[in-house]
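**Q** Sharing a sequence plus its predicted fold:
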Amino acid sequence: MILALTIGVLVAGAVYLLLQQDRLRVILGFVLLSHAVNLLLFSAGGIDSREEPLGGSLDPATTADPLPQAFVLTAIVIAFAITIYLLVLAVTGNPAEDDGLSDLDETGPTAVPSRGARR
Amino acid sequence: MTDALLPLIVAVPLLAAGVAAFAQRRHRWAVALLLVTLTANVVAAGVLVAATSGGGVIAHGIGGWPNGIAIPFVADAFSALMLTVAGLLTLVCVIFALVAGTGSNRLFAALVLVLTAGVNGALLTADLFNLFVFVEVMLLPSYGLLVLSRRGRGTDEAVTGSRLYVTFNLFVSTVLLAGVALVYGVAGTVNLAELAGAAKRSPLVAAALGVCLFAFAMKAAVVPVHGWLARAYPSTSPAVTALFSGLHTKVAIYAIYRIYAVGFEGDQRYLWIGVAVFSATMLIGVLGAVGEDRMRSILAFHMVSQIGYILLGVALFTPLGLAAGIFYLLHHMIVKASLFLSAGAIETRFGTDRLEDLRDRVGREPVLMVAFGVAALSLAGIPPFSGFFAKLMLLVAAVEAGQVAAAVIAVVVSLITLLSMLKIYNAVFARTVTGGDLPSGTAGATVRVRQRTRAGLAAPAVTLAAVTLGLGLGAQGLFGLAEVAAAGLLDTTAYVGAVLP
């Protein structure tokens, strides 16, 4: 239950941040969203059995499912790489454009063309 | 023995990419390595088509693990056909990129090779999580290719378009990953063969796989989530647009075909959703093109519209519908890339693809004119090109399946497509039609127009236009293969049996 609530809170926070204007907040939203999905992957393998899946004699009733853990590991690496790239893209480009974007209330002409680009 | 060679189709481009990444400023050898690997890729895919054309399925579980645990690679007629056409397109677009200058970046060869590995892997894998990974392997070099340009020629537009593209794709990938997690949670496996028919039996699995299908539909730019494609694709260099048009959305379409055929076993209960959404895609995509004034924007919106046609095949899920959809998919990859390459040749030469600026500047470009005209007519579905055959079969299949409304929309959209193609053609190529004499004020701009476009720039587009003509005249051959592929989707026992013997 706590896991489900955590995922819910993370997704709610992610949605809130993704709908923001600021580029950095959108990226932080993606960080939250990928965490939520990683937890979802974890819970898909069952959360009651937590023994480490190593060694010869394993009891299937108590041993954790290693497959979702491998999935999560892969997913973390991929999400991390793309997040870094997004951060690079966020600071690259025309500085004049940024002046209009960094401020939430700014609706100058420079902000208009790229507004859709950040969603 | 030959089964065990299957992973090489992914491994060889990856290895070659690793080597090509060492290329320095003078990198002739990297380009040679790129071309050799891509040619070998096409040859290998051709061999696979020959091996699977009888309806056979080749499968291999990597690492000698027991079936169900090993990562399965499977090639059937559908994936082999996709591999061949995707490989061919990559080769042609890379040649264009090398001629046009985009390919002069020293990382170009490595990025394209990783892209090829990702596409091949996504087409071959029979495991949902692996599919996600290969889609990411395909996307990561694409992010690089999007902003790639000749030194000092980078544009803010490319960065803006790239932001949109990366953000959107990260979001879609996350949704896909959530779908995979849900599938694992409710079904206990992400192996497609073990999931065979699971969605038909259990609504829970259907909902979980539905999330995956939803993610792939977004990647394929199905209406109402098509806006990103029309904005991101025209922002990069012409060669990369052509390359992406043939690969990215098409891999998503392949995944939708595959997942619906295997996971849902063509469940009739959900088909109406597809028919409704894909009909809307056809119509809204083509209407979006009306208001655009750049060649590549218009073509990108047409791509959205054509994706509706292709996916209509899977929404019908009849033998004829699937075969027509697969034929349409292959035809579309070739024709769309040809159009983008023609537009790219114009843009490389004249520095813009805005119709107003090109009016009266291009002059007579007989070679490009014919190539663009052939591909445009094929896109609209005029005989004797491959588009006519693809559309005819799809219409017949739609009417046979009782989807008359979808068939009517398809015909109407064809007409609007033709109108839109004529708009480009009239503005860019047919100077005499639109207004005769050159305005004297643009004398400076017309000086360069006297020479024709270099043959190397036009050759890729011409090659692909010739292929569509050949496919139109000899449609029966490819359609036979498409029917074999469709049979493999209708009856998945051979597919499942090969993965889990």
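**A** The structure has been received and is ready for your questions.

**Q** For the residue of the stretch 351-500 of chain B found nearest chain A, the count of nearby residues, please.
**A** Distances between the stretch 351-500 of chain B and chain A by Cβ to the nearest Cβ are smallest at B:Arg354, namely 15.7 Å. From N, CA and C alone the C-beta is placed, and that goes for glycine too. By the criterion of other Cβ atoms under 10 Å in any protein chain shown, B:Arg354 has 15 neighbours.

**Q** and it, what are its bridge partners?
**A** B:Arg294 (DSSP bridges).

**Q** Run through the residues that contact it.
**A** B:Asp293, B:Arg294, B:Met295 (Cβ atoms under 8 Å, 6 or more residues apart in numbering or on different chains).

**Q** Pick out the residue nearest the middle of the chain.
**A** Unless you meant another one, I'm taking chain A. Centroid check for chain A by Cα atoms, centre = their mean gives A:Ser34 as the closest residue, at 2.5 Å.

**Q** wouldn't that one be in contact with A:Ala75 here?
**A** Yes - with contact defined as Cβ atoms under 8 Å, A:Ser34 counts as touching A:Ala75 (7.2 Å).

**Q** Chain neighbours aside, what residue packs nearest to A:Asp65?
**A** Nearest in space to A:Asp65, with sequence neighbours left out and distances taken as Cβ to Cβ, 6 or more residues apart in numbering or on different chains, is A:Gly45 at 3.6 Å.

**Q** give the contact list for that neighbour.
**A** Neighbours of A:Gly45 in contact, by Cβ under 8 Å, 6+ apart: A:Ala64, A:Asp65, A:Leu67, A:Pro68, A:Gln69, B:Tyr184, B:Gly185.

**Q** I'd assumed A:Glu52 was in contact with the second one.
**A** No - if you go by Cβ under 8 Å, A:Asp65 and A:Glu52 don't touch, sitting 11.6 Å apart.

**Q** More neighbours: those two, which one.
**A** Neighbour comparison, A:Asp65 and A:Glu52: the larger count goes to A:Asp65, with 17 against 9 (by other Cβ under 10 Å).

**Q** how about the helices of chain A, start to end?
**A** A:2-18, A:23-44, A:66-91, A:95-101, A:112-115 (DSSP state H).

**Q** Out of those, which gets nearest to chain B?
**A** Closest approach to chain B among those is made by helix A:23-44 (3.6 Å; Cβ to the nearest Cβ).

**Q** Count the neighbours of residue 87 for me.
**A** Let's take chain A. For A:Leu87, the count of nearby residues is 13 (other Cβ under 10 Å).

**Q** that's the wrong chain, I wanted chain B
**A** B:Gly87 - counted by other Cβ under 10 Å - has 25 other residues nearby.

**Q** and what of A:Pro60?
**A** 9.

**Q** And A:Ala70, by the same measure?
**A** Using other Cβ under 10 Å, A:Ala70 has 13 neighbouring residues.

**Q** How about B:Val211?
**A** For B:Val211, the number of neighbouring residues by other Cβ under 10 Å comes to 17.

**Q** ditto for B:Ala77
**A** By other Cβ under 10 Å, the residues close to B:Ala77 number 26.

**Q** what do you get for B:Leu283?
**A** Going by other Cβ under 10 Å, the residues that sit close to B:Leu283 add up to 18.

**Q** For residue 102, give me the pLDDT.
**A** As the question left the chain open, I've gone with chain A. According to the prediction, A:Ser102 has pLDDT 40.

**Q** meant chain B, my bad for not saying
**A** Turning to B:Thr102, the model gives it a pLDDT of 79.

**Q** Same check on B:Gly325?
**A** Value for B:Gly325, per-residue pLDDT: 95.

**Q** For it, pull up the helix or strand it's in.
**A** helix B:319-350 (DSSP states H and E).

**Q** re the thing from before, any residues in contact with both of A:Ser34 and A:Ala75?
**A** Listed as contacting both A:Ser34 and A:Ala75 by Cβ under 8 Å, 6+ apart are B:Leu177.

**Q** Give me the below-cutoff pLDDT ranges for the stretch 351-500 of chain B.
**A** For the stretch 351-500 of chain B, the stretches with pLDDT under 70 are B:360-364, B:430-453.

**Q** for it, what spans make up the helices?
**A** Secondary structure of the stretch 351-500 of chain B (DSSP state H, counting those that start in this stretch): helices located at B:355-358, B:366-380, B:386-400, B:404-424, B:431-434, B:443-446, B:455-473, B:475-490, B:493-499.

**Q** For the fourth one, which outside residues touch it?
**A** Just to be clear, that refers to helix B:404-424. With contacts defined as Cβ under 8 Å, 6+ apart, helix B:404-424 is touched by B:275, B:278-279, B:282-283, B:286-287, B:289-290, B:295, B:298, B:302, B:305, B:308-309, B:312, B:343, B:355, B:372, B:376-377, B:379-382, B:391, B:394-395, B:398-399.
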